[in-house]
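Student: Make a model of this:
(chains A and B, ligands or ions: 2)
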Amino acid sequence: MIEFRNVSLAYNSKAVLDNVSFSARFYERVAVLGGSGQGKTTILRLMLGLARPDSGSIIIDGQDITELEESQLRESRMKFSIVFQEGALFDSMSVRENVAFSLREYSRLTEKEIESKVRELLRRLGIEEAIDLMPEELSGGMQRRVAIARSLAGCSPRMVLYDEATTGLDPLTAESICRLIRELSEGEPPDRTGLIIVTHKVSDAAKVAERFIYLRRGAIAFDGDMQHLMRAEDRELRIFTEELHRME
Amino acid sequence: MGFAMNMKDNLARLQDFYLLSLKAPLGLFRRPFYGREIVEQMDYMGPGSLFIVLLVSLFIGMALSLQISAELAAMGLKMYTGKIVGMAIVREIGPVSVALVFAGRAGSGMASELGSMVLGHQVDILRVHGVNPVKKLVTPRVTAAVLMLPVLTVIGDGVSLLGGYYISVFASHQSGPFYWSQIRDVMSFKNLFSGLSKPFIFGYIIACVSCYTGLSARGGARGLRRSTTTAVVVSMILVIITDFLLTRVLMYVLGMRI
Ligand SMILES: Nc1ncnc2c1ncn2[C@@H]1O[C@H](COP(=O)(O)OP(=O)(O)OP(=O)(O)O)[C@@H](O)[C@H]1O
Ligand SMILES: [Mg+2]
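Tutor: Ligands and ions are numbered 1, 2, ... in the order given. Below you'll find the model as predicted:
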């Protein structure tokens, strides 16, 4: 269970999140929608303890992570894995080293085992041939795939967080990434790996998520399922969902 | 209100900076050790800065020698060029000019690299995996700078002295062996110590300032530009002020009188 209780955060006296409260179970598939700079990435960073709120608490499995020190956060971070906006690959390392990074951190595998694990992951994502390339030699879609591979290596997360996983990609690549994201979250509720996808593309969100949260000026302006989303009256939200209406 | 907020922010930042500067060297003594990163950084900072250090040092040595021989010639004391040039280079101009070049090259490099790692969430990924970014990113850079800047300074001093030699012998027609014998006189323990202790401290300052500003980059490409500029400007100012203070302290410690 993930719970935000009255979380507020301001940077340079500008409010980014203002008294945000919501909760989600680990198996849920949630999309967080919102315009640029509305605090979407910040929510993910708060969940992992990478940023601290000015006030309020963030409770993960009954534990308030805002009270923990950096060194104590490891256990709660292991429950998640994250794919950041643009992938966040280490640009001084090859694809192999990027994917092996979490394996080296979390497990005591031999070099041979690491190599075969890395290959297996890359094969699963359809980019085995890129193993020796550097991140700058990859296209945007490949970078996302490598980032997803890296997030899957090492631990088995209970929930995967995707920050703008499909933004800036052509529709075909975006579609295949969505399918991948969906595949990684197969299964029946209590056991499946959940996901939170942060995006401003509602059409992609609709492909992978069942619950939608709309952020506006640091507050939750909408929280509900697909049906409610389509019926929402809010004028700004209607602009977001326009493409869905058109598709109908 | 705005001013008070600003003041508070600045104090908090200063405190963060001190903490970073203290934690960076401590990282050397606690597991895990990042030896490969240290070597990589040494390679980037040392050989990577060598060419520009050589170039700058050579021309500084030549210019200094020109100025000094012209001035001394008017007084009929031309033969002392070597002594004055040597003294100035070893004690003062060598360490400072190499440190300034280093701040411009390696300092800006560190700040922009770390800044883009922060903005690209690479630092977040490190933290998610339980890697301490100070140990992984800052400690190797500070270590490498503290080790490489003195080496660069020695090389720079040597090249400056060669430049000085070239001018005094070929432009100002003095005796070459006499120039070198004066340089040998200059290489006393006191002079060498006051010249070569400085780069260790300058390296530490430049690396800490640049890593700190890099890690505190915010706000896209403009933020990156700001943090890189700040790194270089603040490093240079601190180097020059520290140089003065250090010179004063060293003179006192070594019993030199003015
Ligand atoms: N560490 C930080 N320091 C200062 N300001 C920050 C920091 N992190 C985020 N901000 C600011 O907080 C606001 C929200 O940032 P956030 O990255 O969460 O937005 P976002 O919704 O993910 O936007 P985008 O769609 O552009 O990625 C922005 O105005 C940003 O400038
Ligand atoms: Mg974002």
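
Student: list the helices and strands the top helix by length along chain B packs on?
Tutor: Assignment by DSSP state H gives helix B:35-75 as the longest helix of chain B. Here helix B:35-75 touches helix B:81-88, helix B:94-102, helix B:139-166, going by 3 or more CB pairs under 8 Å, 6 or more residues apart in numbering or on different chains; DSSP states H and E. No exception for glycine: its C-beta is placed from N, CA and C like everyone else's.

Student: Give the residue spans of the chain that score low on pLDDT.
Tutor: Looking at chain A here, since you left the chain open. A:106, A:248 (pLDDT under 70).

Student: try chain B instead
Tutor: In chain B (pLDDT under 70), the answer is B:1-6.

Student: from it, which residue is nearest to chain A?
Tutor: residue B:121 (4.0 Å; CB to the nearest CB).

Student: Need phi/psi at that residue.
Tutor: Per-residue torsions, residue B:121: phi 60, psi 20 (degrees, to the nearest 10).

Student: What residues does it make contact with?
Tutor: Residues near residue B:121 by CB atoms under 8 Å, 6 or more residues apart in numbering or on different chains: A:84, A:85, A:86, A:88, A:163.

Student: same thing but 10 Å
Tutor: Going by CB atoms under 10 Å, 6 or more residues apart in numbering or on different chains, residue B:121 touches A:41, A:44-45, A:50, A:82-89, A:147, A:163, B:127-128.

Student: That one and residue A:213, how far apart?
Tutor: 21 Å (CB to CB, to the nearest Å).

Student: try residue B:232
Tutor: 43 Å.

Student: Domain parsing of chain A, as residue ranges.
Tutor: Per the record, chain A has its domains at A:2-79+A:157-247, A:91-156, by automatic domain parsing.

Student: Which one, of those, ends up nearest to ligand 1?
Tutor: With respect to ligand 1, and counting by CB to the nearest ligand atom, the nearest of the domains of chain A is domain A:2-79+A:157-247 at 3.2 Å.

Student: distance between the ends of the closest one?
Tutor: Terminal residues of domain A:2-79+A:157-247 are spaced 33 Å apart (CA to CA, to the nearest Å).

Student: quick one on the thing from earlier: got the domains of chain A as JSON lines, with distance to residue B:206 and mean neighbour count columns?
Tutor: Formatted as JSON lines, the domains of chain A follow (distance: least, CB to CB, whole Å; neighbours: other CB atoms under 10 Å in any protein chain shown):
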{"stretch": "domain A:2-79+A:157-247", "distance to residue B:206": "27", "mean neighbour count": "17"}
{"stretch": "domain A:91-156", "distance to residue B:206": "21", "mean neighbour count": "18"}
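
Student: In JSON lines, list those domains along with distance to ligand 1.
Tutor: Below are those laid out as JSON lines (distance: least, CB to the nearest ligand atom, whole Å):
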{"stretch": "domain A:2-79+A:157-247", "distance to ligand 1": "3"}
{"stretch": "domain A:91-156", "distance to ligand 1": "15"}
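
Student: Need the contact partners of the helix or strand hosting residue A:214.
Tutor: Per DSSP states H and E: residue A:214 is located in strand A:211-216. Contacting residues not belonging to strand A:211-216 are listed as A:17, A:20, A:22, A:24, A:28-35, A:38-40, A:42-43, A:196, A:198, A:202, A:205-206, A:220-226, A:228-230, A:232, A:234, A:236-237, A:240-241 [CB under 10 Å, 6+ apart].

Student: Only the buried residues of stretch B:52-71, if you could.
Tutor: B:53-54, B:56-58, B:60-62, B:64-66, B:68-69 (16 or more other CB atoms under 10 Å in any protein chain shown).

Student: so what's the nearest residue to residue A:214 once chain neighbours are set aside up against?
Tutor: Counting by CB to CB, 6 or more residues apart in numbering or on different chains, residue A:222 is the residue found nearest to residue A:214 once chain neighbours are left out, at 3.8 Å. Contacts here follow CB under 10 Å, 6+ apart; on that basis residue A:222 touches A:33-34, A:212-216, A:228-229, A:232-234, A:236-237, A:240-241.
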